[in-house]
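> give me coordinates for this.
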Amino acid sequence: MKKKVIATIQKYQMLKPGMTIVVAASGGVDSMVLLHVLSEMKDVVGLTLVVAHVDHARRADSGLDARLVRQVAKAYGFAYEEMVLPSGENRGNFHAYARTERYLFFQRVAVLYGAAAVATAHHGNDHLETVVDRITRSDTPASLIGIQPNGFVDGVAVIRPLIEITKEALYAYAQAYAVSWREDPSNVADCYMRNRIRKAIVPKLLEERNDVLVHVRNLSDALASDEAYFAMQVDELMSHVTSSLTGYEMALSWLRQVHPSLKRRLLTRLIPGLSKGALQDLMHFIAQAHTTARLDIGDQKVARKAYGALYLTTKQSTERGFYEVSLVMDEQVKLPTGEKVFLFQGMSEKSEKSNAQATYLCYNKIRLPLKVRNRKSGDRIQLLNQKGHAKVKQIMIDAKVPVEQRAAWPIVVDQDDTILWIPGLKKSPTCLEKAGSSDDILIVFQ
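A predicted model of the protein is given here:
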């Protein structure tokens, strides 16, 4: 089995000499075998191992799991870190909560020890169970990728050296090398669908084809490669998408010509978490011929057609009432609409050009503090390189800003409520192309 693990590590380029790895050890047979295998390899590869254990405190004897992992880590001479999840609190979906907390803990441990990745004990049976489970819950090709050998989970780099190993092989290894472990009774409870798949479906699949794990792994690798290619195609499509201060904008004539497969991927990238039903509704909405319309796509998201374009925004950014926020030098301020504003003094020209929603303000021509607010009735701005003042409302109409976005659009004003800048639209004479002195102010919207 060790040769198989080494082959998997080499195949997916998981380890490099001199790396520090956090080993996530629950105390079960999978993670304790992983810990043993890596301990056997550490001197050959030049690894530094750190053991991390999370006590979920869901069983009366869960402390025994922690004690076992702690003792084994000490026997190997590895650094050991432990976290106990708070008990007695209503966390809703406990499994989702525990998973998030685990990886946040692993991330902290990785940072503490300068580790390059976290090694988890997911194995071949886990991967097959995941794919079968996804078939019953999801209908996208990406969902069938299952558990990838390498990846990131909640910002944590993760490697899975056992991903091509069977559960049967792990038990055989544990017995052959006298590896100690503890069983978690919840792993066999029939109340969980995942356990029913593990007990009833996977064994039947293995009976039908003893190499089914290899076939499913190959399928997943091929799908992962395909999805990586599609992601690059979507990267290119993003050049046709304008990111505004209140959402996204793209030409309907262009969008309707995009292949449905790429269009789905583009929309789900722009709106993470978009449900299957909402995606179907949005695809139909885009295809319809009407030129002005609005669609509520859930989760406070809105799609709107206007001026031959599709706008994707949030309800908060289009329906919120009046707001006014004071800006603080060298600090980030978040607007009620979700945008972030930064105010700096004495920055370089390069800083401005790196962000399209940025401008310098002449320090000697403004009265601090600066504020950001949305539009008020009768607002006017003196325009750069033009005489007189222009109505803000007309500026937005001329720029074809959708009606729903006009009320929330941010406007930068000074202490006297003089409009200095309408980000993305117009500038006043106080705005500069570049800093004239170290006192001049750079304001950036993100």
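> ok, and for stretch 106-115, which residues are buried?
When burial is assessed from 16 or more other CB atoms under 10 Å, stretch 106-115 yields the following buried residues: 106-107, 109-110, 113, 115. Just so you know, the C-beta spots here come from the backbone N, C-alpha and C atoms, and that holds for glycine as well.
> Ala399 against Leu425, yeah?
Yes - the pair Ala399 / Leu425 is scored as a contact, 5.5 Å apart, by CB atoms under 8 Å.
> circling back: format the buried residues of stretch 106-115 as TSV; extra columns: distance to Val392 and pLDDT.
Listed next are the buried residues of stretch 106-115 as TSV, based on distance: CB to CB, whole Å; pLDDT from 0 to 100:
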residue	distance to Val392	pLDDT
Phe106	50	94
Gln107	45	92
Val109	52	95
Ala110	49	94
Tyr113	54	95
Ala115	53	95
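> these in helices, which ones?
Residues of these located in helices (DSSP state H): 106-107, 109-110, 113.
> now Ser39: which helix or strand?
Here Ser39 sits within helix 29-45, counting by DSSP states H and E.
> elements contacting that helix?
helix 2-11, strand 20-24, strand 48-55, helix 62-76, helix 167-176 (3 or more CB pairs under 8 Å, 6 or more residues apart in numbering; DSSP states H and E).
> any idea which of the ones you listed is most buried?
strand 20-24 (a mean of 24; mean count of other CB atoms under 10 Å).
> please enumerate the helices of the stretch 301-446 of the chain.
315-319, 349-353, 392-398, 403-406 (DSSP state H, counting those that start in this stretch).
> which one of these has the lowest average pLDDT?
Note on those: lowest mean pLDDT is at helix 349-353, with a mean of 44.
> run a quick neighbour tally on the closest residue to Asn364 other than its chain neighbours.
Sequence neighbours aside, Asp439 is the residue nearest to Asn364 in space, at 7.6 Å (criterion: CB to CB, 6 or more residues apart in numbering). The number of residues packed near Asp439 is 11, by other CB atoms under 10 Å.
> same check on Ile419?
Residues near Ile419, counting by other CB under 10 Å, number 23.
> right, and it touches Val412 too?
Yes - between Ile419 and Val412 there is a contact under CB under 8 Å: 7.3 Å.
> circling back to that earlier point, looking at the helices and strands packed on helix 29-45, which is closest to Glu129?
For the helices and strands packed on helix 29-45, proximity to Glu129 was assessed by CB to CB; helix 167-176 is nearest, at 9.8 Å.
> so how far is the helix or strand that comes right after the closest one from its chain's centroid?
Next along the chain after helix 167-176, taking DSSP H and E as the criterion, comes helix 193-196. Its chain's average C-alpha position is 27 Å from that of helix 193-196, according to CA atoms, centre = their mean, to the nearest Å.
> with stretch 374-383 instead?
37 Å.
> what does stretch 44-56 give?
With CA atoms, centre = their mean as the basis, stretch 44-56 stands 25 Å off its chain's centre.
> shaky segments in the chain?
87-92, 185-191, 244-246, 315-320, 346-356, 404 (pLDDT under 70).
> contacts only, for the residue nearest the centre of it.
Residue closest to the average C-alpha location in the chain (CA atoms, centre = their mean): Asp154, at 6.9 Å. Neighbouring residues of Asp154 by CB atoms under 8 Å, 6 or more residues apart in numbering: 100, 103-104, 107.
> pull out the buried positions in stretch 271-278.
For stretch 271-278, burial by neighbour count (16+ other CB under 10 Å) applies to 271, 274, 278.
> assign the second one to helix, strand or coil.
At Leu274, secondary structure determined by DSSP: H, G, I helix; E, B strand; the rest coil is coil.
> what secondary structure does the closest residue to it other than its chain neighbours sit in?
The shortest distance from Leu274 to any non-neighbouring residue, by CB to CB, 6+ apart, is to Thr268 (5.3 Å). Using three-state DSSP, the three-state assignment for Thr268 comes out as helix.
> what's the biggest helix in this protein, counting residues?
Max-length helix for the chain by DSSP H is helix 212-237.
> quick one: list the elements packing against it.
Short answer (3+ CB pairs under 8 Å, 6+ apart): helix 212-237 packs on helix 124-137, helix 202-208, helix 260-270.
> 6 Å instead, please
Helix 212-237 sits against helix 124-137, helix 260-270, with contacts defined as 3 or more CB pairs under 6 Å, 6 or more residues apart in numbering; DSSP states H and E.
> next, the angle helix 260-270 makes with it.
80 degrees (axes from the mean of the first three to the mean of the last three CA atoms, to 10 degrees).
> next, the buried residues of helix 212-237.
Within helix 212-237, judged by 16+ other CB under 10 Å, the buried ones are 213, 216-217, 220, 223-224, 227, 230, 234, 237.
> columns distance to Ala289 on top of those residues, output as CSV?
Formatted as CSV, the buried residues of helix 212-237 follow (distance: CB to CB, whole Å):
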residue, distance to Ala289
Leu213, 50
Val216, 44
Arg217, 46
Ser220, 41
Leu223, 35
Ala224, 38
Glu227, 32
Phe230, 28
Val234, 26
Leu237, 23
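> which of those residues sit farthest apart?
Leu213 and Leu237 (35.8 Å).
> re earlier: Throw the buried residues of stretch 106-115 into TSV and include distance to Lys74, thanks.
Below are the buried residues of stretch 106-115 laid out as TSV (distance: CB to CB, whole Å):
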residue	distance to Lys74
Phe106	20
Gln107	24
Val109	17
Ala110	21
Tyr113	16
Ala115	19
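> of those, closest to Gln405?
Proximity of the buried residues of stretch 106-115 to Gln405 (CB to CB) peaks at Gln107, which lies at 36.9 Å.
> from Arg99, how far out is the closest one?
13 Å (CB to CB, to the nearest Å).
> please apply the same query to Ala435.
47 Å.
> same deal with Met396?
Met396 is 45 Å from Arg99, by CB to CB.
> so which of these two has more stuff around it?
Taking neighbours as other CB under 10 Å, Met396 and Arg99 compare with Met396 leading, 21 against 14.
> give the contact list for the more buried one.
Arg406 (CB atoms under 6 Å, 6 or more residues apart in numbering).
> narrow the contacts of Asp154 to those in helices?
Residues of the contacts of Asp154 located in helices (DSSP H): 100, 103-104, 107.
> format those residues as JSON lines; extra columns: distance to Thr359.
Listed next are those as JSON lines, based on distance: CB to CB, whole Å:
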{"residue": "Thr100", "distance to Thr359": "39"}
{"residue": "Tyr103", "distance to Thr359": "40"}
{"residue": "Leu104", "distance to Thr359": "38"}
{"residue": "Gln107", "distance to Thr359": "37"}
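> out of these, who has the most neighbours?
Tyr103 (21 neighbours).
> ok, it touching Gly151?
No - using CB atoms under 6 Å, Tyr103 is not in contact with Gly151, being 11.5 Å away.
> excluding chain neighbours, what is closest to Asp126?
In space, Asp126 is closest to Ile147, 6.1 Å off (CB to CB, 6+ apart).
> mind listing what that neighbour touches?
122, 127, 130.
> swap in 8 Å and give it another go.
Applying CB under 8 Å, 6+ apart, the residues near Ile147 are 122, 126-127, 130, 160, 163, 220.
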